[in-house]
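Visitor: return atomic coordinates for the entry below.
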Amino acid sequence: MSRFSDYIVYVDESDSRDCDNIDPENPLFVQNFCIFDKQHYSKVVVPQIQQLKLRHFGHDAFALSAEDFHQQRGIFETLHGSNQRQQFVNEINTIIENSNFVLIACIVDKRIVDKRIVDKRIVDKRNAEKEETQNQFDAALSFCLDHSYRFLQEREQVEGLTHIVVAKQSGENDEAFQSLFRKLCDQNIAASTNINQTLPFELQLVDQGNKPLGLQLSSFITRAIIDHVIQPDQSNPTFEILKPKFYCKGGRNSVGEGFEGWGLKRFPS
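Guide: Just a heads-up that it's a prediction; the model follows:
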C-alpha cells in the first residue's frame, strides 16, 4: 500500500487572512479546497491547462491568475478585445466542467467581521481585534479540513498521507498558518468522525511564482464564488458549473443540491 492517498488538495485563497485592509470592491476572503484524484489530475486536467496556455499565449512559462485576468494585467494584456477574453473564459469553464474534483469552500465577509470588532470594542473597551478576526479564519480552515477528511473517509483514503498545497503569502502569515494547520490536525478536529489519530494531512507551501496548475485553475473557481456572493443576481456560468462539484451532505445522489453549509460555508455564520 502506498503511503500517500490517491488525492491531492489545492487550496486557493482570495486575499490575506486579516481585516487590516478591506477592498470595497471585494471585501471577501474565500478559501477553497479543490480535491483532485491524482490520476485524473495528471492525465486530464494538467494537459488541458497546458494546451490552453499554448493555444492563447504561445508558451506556458507563466502562472494563470484569475485576478490578473480580471484586472487585464500581465500575460492577459495580450488578449485584445472582448471576443478573445470571452473565448478564454469559455475554455476555462470547459476545463472546469470536464475536471473531476470535489470543492469545499469557506467565505469570510470582512465587512461583518470588521463591524463586530468595532462593536465589541465599543461595548467592553477591550483590544480584541486580532482575536475576533482570527477566530473567523481559524474556523474557515477548520471547516475545510474537517470536510476534506470526511470526503477522504468516504473514499477509504485516510490511511495514506494527503498533501494540502497552498501558495505562500508572507513570512509572518505563513508561520501562523502553518502553526494553525498543524494544531488543527494534531487536535483531531474531525471529532465527529470518531477517529483517534492525527488528521493525515501534510501542508506544502509553494512560492507565488511557482504555483502548480491545480492552484492556477482554482483561482478562477475562487473568482466565481466571489462574484456569486457579491452579485448574486448576475449571470455566473462558472458558478453554475461548480454547483455539482461542491461537497454535499447527500453524497453522490444529491450533487448540486444541499451544498450550502456543507461544501460552501459562510462566516460569520
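
Visitor: so who does residue 223 touch?
Guide: 14, 66, 67, 70, 238 (C-beta atoms under 8 Å, 6 or more residues apart in numbering). C-beta: built from backbone N, CA, C; applies to glycine.

Visitor: now with 7 Å?
Guide: 66, 70 (C-beta atoms under 7 Å, 6 or more residues apart in numbering).

Visitor: repeat for the one 4 residues further on
Guide: With contacts defined as C-beta under 7 Å, 6+ apart, the neighbours of residue 227 are residue 236.

Visitor: ditto for residue 164
Guide: Contacts of residue 164 by C-beta under 7 Å, 6+ apart are 9, 11, 201, 202, 203, 204.

Visitor: just the strands in the stretch 51-200 of the chain please.
Guide: 101-109, 161-167 (DSSP state E, counting those that start in this stretch).

Visitor: ranking those by burial, who's on top?
Guide: Using mean count of other C-beta atoms under 10 Å, the stretch among those with the largest mean neighbour count is strand 101-109, at a mean of 23.

Visitor: that one - contacts with which helices or strands?
Guide: strand 28-37, helix 129-154, helix 213-230, strand 264-267 (3 or more C-beta pairs under 7 Å, 6 or more residues apart in numbering; DSSP states H and E).

Visitor: any stretches of the stretch 101-250 of the chain with poor pLDDT?
Guide: Scanning the stretch 101-250 of the chain with the threshold set as pLDDT under 70 gives 113-134, 188-197, 250.

Visitor: repeat the analysis, applying 90 as the threshold.
Guide: 109-138, 169-174, 176, 186-198, 208-209, 248-250 (pLDDT under 90).

Visitor: for residue 158, what are its contacts?
Guide: Per C-beta under 7 Å, 6+ apart, neighbours of residue 158: 149, 152, 200.

Visitor: tell me the phi and psi of it?
Guide: phi -100, psi 0 (degrees, to the nearest 10).

Visitor: got it, and residue 211?
Guide: Torsion angles, degrees, to the nearest 10, at residue 211: phi -70, psi 130.

Visitor: quickly list what residue 106 is bridged to.
Guide: Counting by DSSP bridges, residue 106 is bridged to residue 31, residue 265.

Visitor: residue 259: which of the strands of the stretch 51-200 of the chain is closest?
Guide: Distance to residue 259, taken as C-beta to C-beta, is lowest for strand 101-109 among the strands of the stretch 51-200 of the chain, at 8.4 Å.

Visitor: hmm, who's touching that closest one?
Guide: 27-36, 136-137, 140, 143-144, 147-148, 151, 221, 225, 229, 242, 245-247, 263-267.

Visitor: what of stretch 60-69?
Guide: With C-beta under 7 Å, 6+ apart, stretch 60-69 has contacts from 50, 53-54, 74-76, 209, 211, 216, 219-220, 222-223.

Visitor: farthest-separated two in the residues you listed?
Guide: So, the contacts of stretch 60-69 by C-beta to C-beta: farthest apart are 54 and 222, at 24.1 Å.

Visitor: so these two - more neighbours on which side?
Guide: Counted by other C-beta atoms under 10 Å, residue 54 and residue 222 do not tie: residue 222 has more neighbours, with 23 against 11.
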